[in-house]
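What would the 3D arrangement of this be:
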Amino acid sequence: MNTWQADFYYLPSLPESQDRQWELVICFDEFNGVLPEKQLNSIVYAAQCSTPEATAAWLERQILLAARGKLPDKIQVFRPQAIGLLSVAASKLGIKVAATRHTDALKQILIQRHKNQPNYNPLNLEKPPPQALPEDLWGDQWQIANIATGQIIELFSDRPIPICSLPENFYPLNLGLGSDIFIPGIVVYGGKKSMQLARWIDRQIPAWINYIPTEVGKSGGFILETGLVDRWIFNTFESESAAEIAKSYEEKKRVSQGLHFLLIQPDDSGMTTTAFWLLRENSDFSQVKS
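So this is what the prediction gives:
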């Protein structure tokens, strides 16, 4: 499948001009890790327009120019404000638009393009405060678990799991992770509400789960990031031992290049798995240098 990553956003206003300029940036290739700037320039198409020109029709023309006769099957978009116009333009060309936070290639390109503007970060998005999970979805128990990179795909790829997400680009082998690294994750025992909870999470499109301390070493909680900007308070605790385990979870996540998982089961018998998601936190390109 031919997949592009694209963004359409307004540029910071110049001091001598009040006219807002918009920029379309398209990345033709997906990749993991950091590429030098000279390689980035070979996989990008960019065009700018004024506010009156910022229409779906203008975007449609630019997509055709960028494609050079070979249109993509899908365009991935991470900015909520860009989805509307890009979806309209792409639909007229028979292209699907997918909303996803996982556009590392595009995000690296945007950081590089604005590296000389220290007070401007093109990746900043307005995010609402975390919301509480609906009370009728709370699980019975939860715990932190770790699975070796060499086992995780084998464990879940062939099992009859009603909801299972194993993106191939998240496979440990494709990320260059050694087989001795452990991938951390959260296991939720949902009891009779397991399927209801799993379906709700799947509809939200889970992205990753972070540990947020409220009092260092004593209390905190896990935040489930979903969709493009939504956040949910997945669970909270007030325990020094739980805080230590949560800290270890984040440390293991850094070692595993952001890779982690969410597993939902009715109970701890291991007989039935309701849902499994292999997740990966976005790379931070804020320190990328050419």
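
excluding its backbone neighbours, what's nearest Ser91?
Val97 (7.7 Å; CB to CB, 6 or more residues apart in numbering). Quick note: C-beta positions are derived from backbone N, CA and C, even for glycine.

typed the wrong thing, it's Pro167
Leaving out its chain neighbours, the residue that sits closest to Pro167 by CB to CB, 6+ apart is Leu278, at 6.6 Å.

Look up how far Ser157 lies from that neighbour.
Leu278 is 10 Å from Ser157, where distance means CB to CB, to the nearest Å.

got any residues that touch both of those two?
Residues touching both Leu278 and Ser157 by CB atoms under 8 Å, 6 or more residues apart in numbering: Leu166.

For these two, indicate the residue with more neighbours.
Leu278 (24 against 13; other CB atoms under 10 Å).

Would you agree that one is in contact with Ser256?
No. Checked against CB atoms under 8 Å, the pair Leu278 and Ser256 is beyond contact range at 10.9 Å.

where exactly do the strands run in the protein?
For the chain, the strands defined by DSSP state E cover 3-10, 21-27, 44-50, 74-77, 96-99, 131-132, 141-148, 163-165, 182-189, 206-215, 219-226, 230-238, 259-265, 275-280.

correct me, but Phe182 touches Ala145?
No. Using CB under 8 Å, Phe182 makes no contact with Ala145, being 9.5 Å away.

Can you check the pLDDT for Ser42?
We have a pLDDT of 58 for Ser42.

pull the longest helix from the chain.
Longest helix in the chain by number of residues, with DSSP state H as the criterion: helix 240-255.

elements contacting it?
Judged by 3 or more CB pairs under 8 Å, 6 or more residues apart in numbering; DSSP states H and E, helix 240-255 is in contact with strand 141-148, strand 182-189, strand 206-215, strand 219-226, strand 259-265.

could you redo the last one with a cut-off of 10 Å?
strand 141-148, strand 182-189, strand 206-215, strand 219-226, strand 230-238, strand 259-265 (3 or more CB pairs under 10 Å, 6 or more residues apart in numbering; DSSP states H and E).

between the longest one and strand 141-148, how many degrees?
What that stands for is strand 206-215. For strand 206-215 against strand 141-148, the angle by axes from the mean of the first three to the mean of the last three CA atoms, to 10 degrees is 110 degrees.

Listing partners with orientation, what would you give for strand 206-215?
Here strand 206-215 is paired, per DSSP bridges, with strand 219-226 (antiparallel).

Can I get the strand it pairs with in CSV? Just the C-alpha atoms.
Presented in CSV, the C-alpha positions along strand 219-226 are these (Å, rounded to 0.1, in the frame of the first residue of the first chain):
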residue,chain,number,x,y,z
SER,A,219,1.1,8.6,44.1
GLY,A,220,0.1,9.0,40.4
GLY,A,221,-1.9,7.5,37.6
PHE,A,222,-1.8,6.2,34.1
ILE,A,223,-3.2,8.3,31.2
LEU,A,224,-4.6,6.6,28.2
GLU,A,225,-4.0,8.7,25.1
THR,A,226,-6.5,8.1,22.3
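
in stretch 263-278, what counts as buried?
Leu263, Ile264, Gln265, Pro266, Thr273, Thr274, Ala275, Phe276, Trp277, Leu278 (16 or more other CB atoms under 10 Å).

Much appreciated, bye for now.
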